[in-house]
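Colleague: just need the structure, nothing else, for what follows:
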Amino acid sequence: MGTEKADILVGIASFNNAGTIGHVVKAVDAGLLKYFPDKKAIIVNSDGGSKDGTTDIVKTATHDHDAIFLSHPVYPAHRISIPYNGIPGKGSAFRALFRKVVDIQADACCVVDADLRSITPEWIELLLSPVIQKGFDFVAPLYSRHKFDGTITNSIVYPVTRALYGKRIRQPIGGEFGFSGKMADFYVSQDVWESHVARFGIDIWMTTEAIVNDFKVCQTFLGAKIHDPKDPGSDLADMLLQVVATLFNMTERHYDKWMDQKGSSDVPTFGFRYHVGLESVKVNAEKMLNIFMAGLKDLRNIWMDIMGPGDLGRIESLGSLTGGSFRFPAGLWSDVVYDYAIAYHRKVMSPEHLIRSIVPLYLGKTASFVLEAENMEQEGAEAEIEKLCLEFESKKDYLVTNWK
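Modeller: Sure, this is the predicted structure:
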């Protein structure tokens, strides 16, 4: 297709996703045909060197359009796969997609994960229509997720982003986004592509930059997000490192944007909220608690440098709690996260050393939430996350005062 202009680009970043990407491509194709039949569209798979035939599946995945739709589109969606270069990771894949959006002068774009099992054609309409019909520049996803899924979002990224920048974007690292051509042009022009943004930091970077640069932001309800969930006690250390490093870099960079922000407000929300069944997420609270307890012994000196004797003393007092009685208070957790942001700002130690030391604390907080919410319905668990966010907002003066 070269650089011929298109109206819409849908990007799918992938790496060895042969088992799921065929379904994703078919859902995207169907969504474009059903909801945007008069638009010229291109589906771009930005692949990181898959060895399992992922790109071949993208090129051959098709719908039986006559069986599903009553009318044919004016422009069938083109499909291409492009390799991405640079630091291996999701961010580098997105950079290639942003460049393609600019090249073809697309008015609207959305990106979806390649491992989705719950994507429907309606997701494409929900992600793109706020851009095409309402003039929004950035569309964040809003999902129903199991109460133990998305623990990095729930305990760190959402509360911090909301408290700092005042926007209640519930899934700031959700994975699926819609954005305007103007937004893509802004993203690709930024000099961040040799940092953690090139990996798992891309989502929080995209969300934060859209907010602080006064682009029009909203969120859209997509229903259930069913993908390959990770046990926070086993799989998330590298992701946590990259996301939190990017989060703290954004905090450093945009101090003038958040220092005077008080409270938070809702953003425009599209889509119909409905109840959906969710797959359970298995978590091992005992394993997470063991890692937290080991941190009390092994990381005391490092934690002292970061938190000081007051907050460290409160952390150490948690060591006497056992089993189901373990609780990590929301107020203490907000203080700890802000202590880390301040220590990062003051360059107390190397960034990687600093952020890796938060992992046992994060696992302790996550174990506490699992134990507390074990018998709660989804609404009750969400109410606890809301309380945590309000705690971060109420403690923000602590961050501002110590930052200076």
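Colleague: may I have the distance across stretch 42-57, first residue to last?
Modeller: For stretch 42-57, the separation between the terminal residues is 16 Å (CA to CA, to the nearest Å).
Colleague: list the buried residues in the helix or strand I306 falls within.
Modeller: Element membership of I306 [criterion: DSSP states H and E] is helix 300-317. Across helix 300-317, burial judged by 16 or more other CB atoms under 10 Å covers 302-303, 306-307, 311-312, 314-315. C-betas here are computed from N, CA, C, even on glycine.
Colleague: if we take those residues, which one ends up nearest to G166?
Modeller: Using CB to CB, D311 comes nearest to G166 of those, at 25.4 Å.
Colleague: my guess is that closest one meets W333, correct?
Modeller: No. Using CB atoms under 8 Å, D311 is not in contact with W333; the gap is 10.3 Å.
Colleague: in this structure, which helix or strand is least confident?
Modeller: helix 65-68 (a mean of 26; mean pLDDT, DSSP states H and E).
Colleague: now do the strands in the stretch 1-150 of the chain.
Modeller: Using DSSP state E, counting those that start in this stretch, the strands of the stretch 1-150 of the chain run over 8-14, 41-47, 78-83, 108-113, 138-144.
Colleague: which helices and strands sit right next to the first one?
Modeller: Counting contacts by 3 or more CB pairs under 8 Å, 6 or more residues apart in numbering; DSSP states H and E, the secondary-structure elements packed against strand 8-14 are helix 21-35, strand 41-47, helix 54-60, helix 90-103, strand 108-113, helix 121-132.
Colleague: tell me which of the ones you listed lies nearest to L241.
Modeller: Distance to L241, taken as CB to CB, is lowest for helix 90-103 among these, at 14.0 Å.
Colleague: I'd like the average pLDDT over that closest one.
Modeller: Helix 90-103 comes out with an average pLDDT of 86.
Colleague: just how off-centre is it within its chain?
Modeller: Mean C-alpha position of helix 90-103 versus that of the full chain (CA atoms, centre = their mean, to the nearest Å) differs by 17 Å.
Colleague: list the buried residues for that helix?
Modeller: For helix 90-103, by 16+ other CB under 10 Å, it's 90-103.
Colleague: measure L361 to E316 for me?
Modeller: 12 Å (CB to CB, to the nearest Å).
Colleague: closest one to H345 among the strands of the stretch 1-150 of the chain?
Modeller: Per CB to CB, nearest to H345 of those: strand 138-144, 26.3 Å.
Colleague: mind checking the pLDDT average for the following helix or strand past the closest one?
Modeller: Next in sequence after strand 138-144, counting helices and strands by DSSP H and E, comes helix 151-152. Mean per-residue pLDDT for helix 151-152: 92.
Colleague: quick one: distance of stretch 195-204 to the chain centre.
Modeller: For stretch 195-204, the distance to the chain centre is 10 Å (CA atoms, centre = their mean).
Colleague: quick one on the thing from earlier: turn the helices and strands packed on strand 8-14 into TSV, including distance to H146.
Modeller: Output for the helices and strands packed on strand 8-14, formatted as TSV (distance: least, CB to CB, whole Å):
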stretch	distance to H146
helix 21-35	20
strand 41-47	28
helix 54-60	27
helix 90-103	22
strand 108-113	16
helix 121-132	19
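Colleague: any idea which of the ones you listed gets closest to F392?
Modeller: The nearest among the helices and strands packed on strand 8-14, by CB to CB, is helix 90-103 at 25.7 Å.
Colleague: restricting to C-alpha, output the closest one in CSV.
Modeller: C-alpha atoms of helix 90-103 as CSV (Å, rounded to 0.1, in the frame of the first residue of the first chain):
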residue,chain,number,x,y,z
LYS,A,90,5.9,-3.1,22.9
GLY,A,91,6.9,0.5,22.7
SER,A,92,9.2,0.0,19.7
ALA,A,93,6.3,-1.8,18.0
PHE,A,94,4.0,1.2,18.7
ARG,A,95,6.6,3.6,17.4
ALA,A,96,6.5,1.8,14.0
LEU,A,97,2.7,2.1,14.1
PHE,A,98,2.8,5.8,14.9
ARG,A,99,5.2,6.3,11.9
LYS,A,100,2.8,4.5,9.7
VAL,A,101,-0.2,6.6,10.8
VAL,A,102,1.8,9.7,9.9
ASP,A,103,2.9,8.3,6.6
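Colleague: chain neighbours aside, what residue packs nearest to D305?
Modeller: Nearest non-adjacent residue to D305, counting by CB to CB, 6 or more residues apart in numbering: V348, 5.5 Å away.
Colleague: contacts only, for the one you found.
Modeller: 305-306, 354 (CB atoms under 8 Å, 6 or more residues apart in numbering).
Colleague: hmm, try it at 10 Å
Modeller: Neighbouring residues of V348 by CB atoms under 10 Å, 6 or more residues apart in numbering: 302, 305-306, 339-340, 342, 354.
Colleague: what's the closest of these to A285?
Modeller: Using CB to CB, Y340 is the member of the contacts of V348 that lies nearest A285, at 22.7 Å.
Colleague: can you tell me the closest non-neighbouring residue to the closest one?
Modeller: I358 (5.6 Å).
Colleague: isn't that neighbour up against V337?
Modeller: Yes. At 8.0 Å, I358 counts as touching V337 under the criterion of CB atoms under 10 Å.
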